[in-house]
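Participant: with the sequence up front, the predicted model follows.
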Amino acid sequence: MNLRPSTILLCLGFLSMPLANSRPAHATLGEKADSVEKDRKALSGVKTTEKASRTNYKIQEITSAATTLREFLTPDGVVFAVAWNGLAHPDLSTLLGRFDQEYKNAKKQLPRKHGQSRSAVKGDHVVVETWGHMRNLQGRAYVPALVPEEVNLDEIR
């Protein structure tokens with residue numbers, strides 16, 4: 001079978017279309033849960049039913065083509081932490097909201113460690129940890145001051 005270059009390019013274009021629109025889902029730290037719903041609609045993500053409900057927090061999950069995001073909510077509905085896994089890390093500037101600049105400043109202060117797939121950045125008000133490998137990138141971000149009492153940080157995954 002002998003295909004012309006224009007036919008190959010056309011086929012590649014159609015194959016890449018689903019990837020062009022697959023953006024990761026986002027929740028914004030420190031904001032009410034309605035910020036998550038707004039982002040879910042914009043991303044055409046699927047909000048699953050509550051993944052878990054504990055006495056001191058709830059977990060909701062949003063799935064997009066590239067990433068699954070779990071949002072951890074206080075009883076008042078404030079996002080105190082998010083955790084993700086998938087093909088790509090989410091856009092942290094959207095995810096961190098008002099804590100984004102603090103994260104960027106704290107990250108600049110860390111020495112570069114080449115070849116490491118794990119990172120922990122601690123600012124004054126926010127903690128962002130990332131790990132994983134190709135096709136299975138994971139992470140979490142949380143605001144320690146917003147984490148409800150009796151919540152074990154190991155549960156934020």
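Facilitator: Alright, I've got the coordinates.

Participant: in stretch 106-116, what's buried?
Facilitator: With burial defined by 16 or more other C-beta atoms under 10 Å, the residues of stretch 106-116 counted as buried are A106. C-beta coordinates here come from the backbone N, C-alpha and C atoms, glycine included.

Participant: ok, residues contacting that stretch?
Facilitator: 119, 121-124 (C-beta atoms under 8 Å, 6 or more residues apart in numbering).

Participant: please repeat the previous calculation with a cut-off of 10 Å.
Facilitator: 92, 99, 119-128, 131 (C-beta atoms under 10 Å, 6 or more residues apart in numbering).

Participant: now those: which count as buried?
Facilitator: Buried among the contacts of stretch 106-116 (16+ other C-beta under 10 Å): 92, 99, 121, 123, 125-128.

Participant: and those residues, which two are furthest apart?
Facilitator: Largest separation among the buried ones among the contacts of stretch 106-116 by C-beta to C-beta: L92 and H125, giving 14.7 Å.

Participant: so where do the strands sit in this structure?
Facilitator: 46-47, 52-53, 58-63, 67-73, 79-86, 119-122, 127-133, 136-142 (DSSP state E).

Participant: using JSON lines, lay out the ones you listed together with mean pLDDT and distance to N152.
Facilitator: Formatted as JSON lines, these follow (pLDDT from 0 to 100; distance: least, C-beta to C-beta, whole Å):
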{"stretch": "strand 46-47", "mean pLDDT": "58", "distance to N152": "25"}
{"stretch": "strand 52-53", "mean pLDDT": "61", "distance to N152": "13"}
{"stretch": "strand 58-63", "mean pLDDT": "85", "distance to N152": "13"}
{"stretch": "strand 67-73", "mean pLDDT": "88", "distance to N152": "12"}
{"stretch": "strand 79-86", "mean pLDDT": "93", "distance to N152": "12"}
{"stretch": "strand 119-122", "mean pLDDT": "91", "distance to N152": "17"}
{"stretch": "strand 127-133", "mean pLDDT": "92", "distance to N152": "15"}
{"stretch": "strand 136-142", "mean pLDDT": "94", "distance to N152": "12"}
